[in-house]
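Engineer: pasting a predicted model and its sequence here:
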Amino acid sequence: MSRTGLMRAAGLSGVMRSFRSLIVFAPLGLSAGCAGLDTVGSAAEPTPATSVTVYATGAIGDAAPIRTILGPRTGLRFPSAIAVDARGKQYVANRAGNSVTVYSSNARGDAAPLRTIVGSRTGLNLPTGLAVDAQGDVYVANRSGNMITVYAPTANGNAKPIRTVEGSMTDLNEPTSIAVDAEQTIYVTNLANHSVTLFARGASGNVAPVRVIRGKRARLTAAFAITVDRAGAIYVVNSDEKDISGVIVFAPRASGDVAPIRVIAGSATKLETPSGVAVDPRGPIFVSDHGGSSSAGAIRVYAKGANGNSAPLYSIAGSATRLRPYGLTIDRTREIYVVNQAN
């Protein structure tokens, strides 16, 4: 699948002219039914197999998942992001379903969600990013409408957000991913204006960000995913075959038109279409790679401090993995959770 298809699958038509070959990194893995992704949201919308796959701590090579959520009862519809709370519950943003589905820590097979946030009152509108803070509040980046919606820990059904961040002062413009740090600072990637915007804890309404990373030196030409490590370093997946297709790392207090402190990119990285990033508390950097027309998806794992054209320490890849990844996360036990399509 081409990168152009990936852009369409993500609903990023407004920037397709800039990235002619960005493979469909539609929520998590995409392979079967790619062409149909161009019409997501229409009556012709396809329903390819989508899944959550979980890998054991230390999984390497062609490792089979230890658990898989897959089937018609799951409510998974083009999942784009995943988060795990302190109790192990799994939260998935479903772009095509305009929903957030929540699963038990041991969910597997054709498991129905414990809860589903969906409906006109939720404000969900092409949800492409998701995070859960230490209190259990659920944060969603909605690409359409340029809005962040935040839900109570027990939100279910047609639940109104407890707060939203939206409006001309926010500088949100096609937000694709979201992260929340230990201080509840909110980090958002914006594809259309090539930026990362940071909002203060409890931000609500039409509020200006406390910091913005944007400019020629920042090199955020196609920012798709974001995470923050314990030291506050900011990791952004940039997936632009004409510039950086890899991970851009900024210093904890980065602001304005600032150069990254590290860039992981180049042929040795084996990254083709990176679509998600997570940092192990012990240091390694996990990057989901959606793959391309001639290759399947993979998880690439890099050393703490990796920089430049660095080869991965190892990869999780192969037919047994059932990977066609989009977003990923790592829980406290260091198990790896991935959302996929077309398994």
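Structural biologist: Yep, it's here.
Engineer: residues touching the residue nearest to Pro65 when sequence neighbours are not counted, list them.
Structural biologist: Nearest residue to Pro65, sequence neighbours excluded (C-beta to C-beta, 6 or more residues apart in numbering): Thr53, at 4.0 Å. All C-beta spots, glycine's among them, are computed from the backbone N, C-alpha and C. Thr53 sits next to Pro65, Arg67, Thr68, Thr321, Arg322, Leu323, Tyr337, Val338, Asn340, Asn343 when contact means C-beta atoms under 8 Å, 6 or more residues apart in numbering.
Engineer: after the strand or helix carrying Thr53 comes which helix or strand?
Structural biologist: Assessed by DSSP states H and E, Thr53 sits inside strand 50-55. Sequence-wise, the next helix or strand downstream of strand 50-55 (DSSP H and E) is strand 67-70.
Engineer: roughly how far is that next one from the heart of the chain?
Structural biologist: 19 Å (C-alpha atoms, centre = their mean, to the nearest Å).
Engineer: from here on, call the first residue 796.
Structural biologist: Sure, I'll start counting at 796 from here, so that last one is strand 862-865.
Engineer: immediately after it, which helix or strand?
Structural biologist: That would be, after strand 862-865 and using DSSP H and E, strand 874-879.
Engineer: for the stretch 846-995 of the chain, which segments are assigned as strands?
Structural biologist: For the stretch 846-995 of the chain, the strands defined by DSSP state E, counting those that start in this stretch occupy 862-865, 874-879, 885-889, 894-898, 910-913, 922-927, 933-937, 942-946, 958-961, 970-975, 981-985, 990-994.
Engineer: now stretch 1120-1134: buried residues?
Structural biologist: Neighbour-count burial for stretch 1120-1134, counted by 16 or more other C-beta atoms under 10 Å, picks out 1120-1126, 1129-1134.
Engineer: then stretch 852-866?
Structural biologist: Buried positions in stretch 852-866, judged by neighbour count with 16+ other C-beta under 10 Å: Ala854, Ala858, Pro860, Arg862, Thr863, Ile864, Leu865.
Engineer: hey, C-alpha coordinates of that stretch in CSV?
Structural biologist: Provided in CSV are the C-alpha atoms of stretch 852-866 (Å, rounded to 0.1, in the frame of the first residue of the first chain):
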residue,chain,number,x,y,z
THR,A,852,7.6,-8.7,27.9
GLY,A,853,10.8,-9.4,26.0
ALA,A,854,9.0,-10.6,22.8
ILE,A,855,11.4,-10.7,19.9
GLY,A,856,11.4,-11.9,16.3
ASP,A,857,8.4,-13.8,14.9
ALA,A,858,6.6,-13.9,18.3
ALA,A,859,2.9,-14.8,18.4
PRO,A,860,0.7,-12.5,20.5
ILE,A,861,-0.1,-13.8,24.0
ARG,A,862,-3.6,-12.3,23.6
THR,A,863,-5.6,-11.0,20.7
ILE,A,864,-8.9,-9.1,20.7
LEU,A,865,-10.6,-9.8,17.3
GLY,A,866,-14.2,-10.3,16.1
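Engineer: run the chain-centre distance for that stretch.
Structural biologist: Computed by C-alpha atoms, centre = their mean, the separation of stretch 852-866 from the middle of its chain amounts to 19 Å.
Engineer: contact partners of that stretch?
Structural biologist: Stretch 852-866 has contacts (C-beta under 8 Å, 6+ apart) with 844-851, 871, 885, 898, 901-906, 1109-1117, 1128-1131, 1138.
Engineer: what mean pLDDT does that stretch have?
Structural biologist: In this model, stretch 852-866 carries a mean pLDDT of 97.
Engineer: Arg958: neighbouring residues, count only.
Structural biologist: Other residues near Arg958 come to 15 when the count uses other C-beta atoms under 10 Å.
Engineer: which residues does the residue nearest to Pro860 bridge with?
Structural biologist: Beta-bridge partners for Thr848, by DSSP bridges, are Thr863, Val1133.
Engineer: gap between Pro1055 and Val1032?
Structural biologist: With distances taken as C-beta to C-beta, to the nearest Å, Pro1055 is found 13 Å from Val1032.
Engineer: got the end-to-end distance for stretch 1078-1095?
Structural biologist: In terms of C-alpha to C-alpha, to the nearest Å, the two terminal residues of stretch 1078-1095 are separated by 14 Å.
Engineer: pLDDT below threshold where in the stretch 946-1095 of the chain?
Structural biologist: Scanning the stretch 946-1095 of the chain for pLDDT under 70 picks out the ranges 1088-1089.
Engineer: and if we set it to 50?
Structural biologist: Along the stretch 946-1095 of the chain, the model assigns pLDDT under 50 to no residue.
Engineer: tell me which stretches of it form helices.
Structural biologist: Counting by DSSP state H, counting those that start in this stretch, the stretch 946-1095 of the chain has no helices at all.
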